[in-house]
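Q: Build me a model from this:
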Amino acid sequence: MKRMISMVLVLALCLGLMAGCGSKSPEEPSGAKEETQEEKAPETEVMEDVEGELVIYTSMYPFAIEMMDEILKKKFPNLKPGNDGSFFFYSGTSALITKIYGEMGENRDQPLDADMFMVAEPAFSLELKDYGYLHPFEVENADQLLRFDYDKEGYWYPVRVLNMVLARNPENEKKWADMGITVPKTFKDFAYDPALKGYISMSDPLTSGSAYASVVALLDKYGEEYLDKLSANKVMRESGSTAIAKLQSGECAAIMILEESVLKYISDEEEKGNKVTNLEVIYPEDGVILVPSTVMIVAEEYSKNVNTEAAEAVAKWMLTEEAQEIIMQAYMHSVLAAEKNYPAHSIDTNELIKMDMGVDWEKAYHEREKINNLWTEKVTD
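A: Model prediction:
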């Protein structure tokens, strides 16, 4: 099976050529539709009138940043990347939030070192709006364009969709069965099945925004007991790459992980000619957890480069078919309502929406400290 879009096509896209979203191979779940030449997104014009300098704080993975950087430099040739040759400054969402708090100052009234944000969980968008740090902008026909919620006053819009799932190693299924362990098919069993003690892993919500969002959703569904059960099961807290390695080595029976991490690994290996048989996504039966990450513009009086006009142009472009194709190439789901394709090796985005457990973003915002403390007391300590 081939990757949905090869890196060669990414380069072609960056040169302004036509590049459509690829199709699934026959071995993949049905649902992704192969685009014809007529169905591909039309080439959008180079925007030479957008000038100045721009810095975007983001939690997108570095490989996705590289892809986006290249196309932005072609798309906006007179816009200067403001972070050592890149438009983006990368860190995990929770680390970025801490950095932004520091820049805002104790009274939340100081300018920032960024002009835009693309962070993993929308709760922070609500917080920044309340602090008056965001610049509103209008996206035409947003109700029809987007399949996820957005701020009706224009302070933030979803731009990429992360999907928290479980993963397993099919090659080790018999090993676990012989040990009396059933690989979990639900988030509940992941925490509640005592047989899994010492054999599960996930990211730390104190450093990962998507993990924090997932904890919020799971607390709503199962209560604080969920954290007690995670603790009793000795859940390991580590990066996605480390968790995948432990899953493949047989140190873990299941991991809680972003779908994109698994999809990228599988596609990378298949591009090398290696068929992956020791890693597979589990779409939990009690629901996936979708995180529609947002794009935000810093209010002019707080922005580093005081160029909200340029930031608007970039933010609006992020919601075009051209930009959303790159989002899917980076194994995240598109926010566009009309989009029929989805990342390689995944399943239809609209089907995932039906399975979505849902996150109370107001709770994630207003109870952040409480939830972080709960995690620390019940799981970390």
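Q: how much space is there between the most centrally placed residue in the chain and S208?
A: Nearest to the mean C-alpha position of the chain, counting by Cα atoms, centre = their mean, stands L162 at 3.4 Å. Distance from L162 to S208, counting by Cβ to Cβ, to the nearest Å: 10 Å. From N, CA and C alone the C-beta is placed, and that goes for glycine too.
Q: So which residues of the stretch 251-381 of the chain form strands?
A: 254-258, 280-282, 289-297 (DSSP state E, counting those that start in this stretch).
Q: Which of the three states applies to the residue nearest to M179 when sequence neighbours are not counted?
A: Spatial nearest neighbour of M179, excluding adjacent residues (Cβ to Cβ, 6 or more residues apart in numbering): A195 at 7.9 Å. Here A195 is helix, with the state taken from DSSP: H, G, I helix; E, B strand; the rest coil.
Q: A195: neighbouring residues, count only.
A: For A195, the neighbour count with other Cβ atoms under 10 Å is 14.
Q: for it, what are its contacts?
A: M179, G180, I181, T182 (Cβ atoms under 8 Å, 6 or more residues apart in numbering).
Q: The last one against P194, yeah?
A: No. With contact defined as Cβ atoms under 8 Å, T182 and P194 do not form a contacting pair (11.5 Å).
Q: these two touch, right, Y199 and G180?
A: No. Look at Y199 against G180 with Cβ under 8 Å: they stay out of range, at 11.6 Å.
Q: Compare those two (neighbour count), which wins?
A: Y199 (23 against 7).
Q: Need the pLDDT of that one.
A: Per-residue confidence (pLDDT) for Y199: 98.
Q: In space, what's closest to it - neighbours in sequence excluded?
A: A253 (4.2 Å).
Q: Any idea how many residues pack against that neighbour?
A: 26.
Q: A64: neighbouring residues, count only.
A: 21.
Q: Test my guess that it contacts M332.
A: Yes. Counting by Cβ under 8 Å, M332 is a contact partner of A64 at 7.5 Å.
Q: all strands in the stretch 51-200 of the chain, in order from the N-terminus.
A: Taking DSSP E, counting those that start in this stretch as the criterion, the stretch 51-200 of the chain carries its strands at 52-54, 56-58, 79-81, 88-90, 116-118, 157-168, 200-202.
Q: List the contacts of the fifth one.
A: Okay, so that is strand 116-118. Contacts to strand 116-118, defined as Cβ under 8 Å, 6+ apart, come from residues 54-60, 96, 100, 124-125, 128, 159-160, 293-298, 311, 314-315, 318.
Q: and if we set it to 10 Å?
A: 54-60, 65, 68, 87-88, 93, 96-97, 100, 124-125, 128, 133-135, 156, 159-160, 293-298, 303-304, 307-308, 310-312, 314-315, 318 (Cβ atoms under 10 Å, 6 or more residues apart in numbering).
Q: thinking again about what came up before, show me the beta-bridge partners of the residue nearest to the centre of the chain.
A: In this structure, L162 bridges to V291 when assessed by DSSP bridges.
Q: gap between E369 and T376?
A: 10 Å.
Q: Looking at the two, which has the bigger crowd around it?
A: T376 (12 against 8).
Q: Name the nearest residue to that one, sequence neighbours excluded.
A: That would be L206: by Cβ to Cβ, 6+ apart, it lies 7.3 Å from T376.
Q: Common neighbours of L162 and S208, please.
A: S59, A120, E121, S214, L258.
Q: Relative to I65, how far out is the first one?
A: What it means is S59. From S59 to I65 the distance is 10 Å (Cβ to Cβ).
Q: Quick check: neighbours shared by these two?
A: F88, Y90, M118.
Q: host element of the residue nearest to D360 when sequence neighbours are not counted?
A: Nearest residue to D360 in three dimensions, chain neighbours excluded: D220, at 5.9 Å (Cβ to Cβ, 6+ apart). Using DSSP states H and E, the element containing D220 is helix 209-222.
Q: Point out the other helices and strands that the helix or strand that comes right after that helix packs with.
A: Downstream of helix 209-222, the next assigned helix or strand under DSSP H and E is helix 225-232. Helix 225-232 sits against helix 187-192, helix 209-222, helix 368-375, with contacts defined as 3 or more Cβ pairs under 10 Å, 6 or more residues apart in numbering; DSSP states H and E.
Q: how about a cut-off of 8 Å?
A: Secondary-structure packing of helix 225-232 (3 or more Cβ pairs under 8 Å, 6 or more residues apart in numbering; DSSP states H and E): helix 187-192, helix 209-222.
Q: What residues sit buried inside that helix?
A: Neighbour-count burial for helix 225-232 flags Y226, L227, K229, L230, S231 (criterion: 16 or more other Cβ atoms under 10 Å).
Q: Point out the most buried one among the strands of the stretch 51-200 of the chain.
A: strand 56-58 (a mean of 27; mean count of other Cβ atoms under 10 Å).
Q: Quick check, pLDDT for the residue of the chain positioned farthest from its centre.
A: The C-alpha centroid of the chain is most remote from D178, which lies 35.8 Å away (Cα atoms, centre = their mean). pLDDT recorded at D178 is 96.
Q: what's the spacing between it and A254?
A: 16 Å.
Q: Likewise for E301?
A: 48 Å.
Q: One more: Q329?
A: Taken as Cβ to Cβ, the span from Q329 to A254 is 28 Å.
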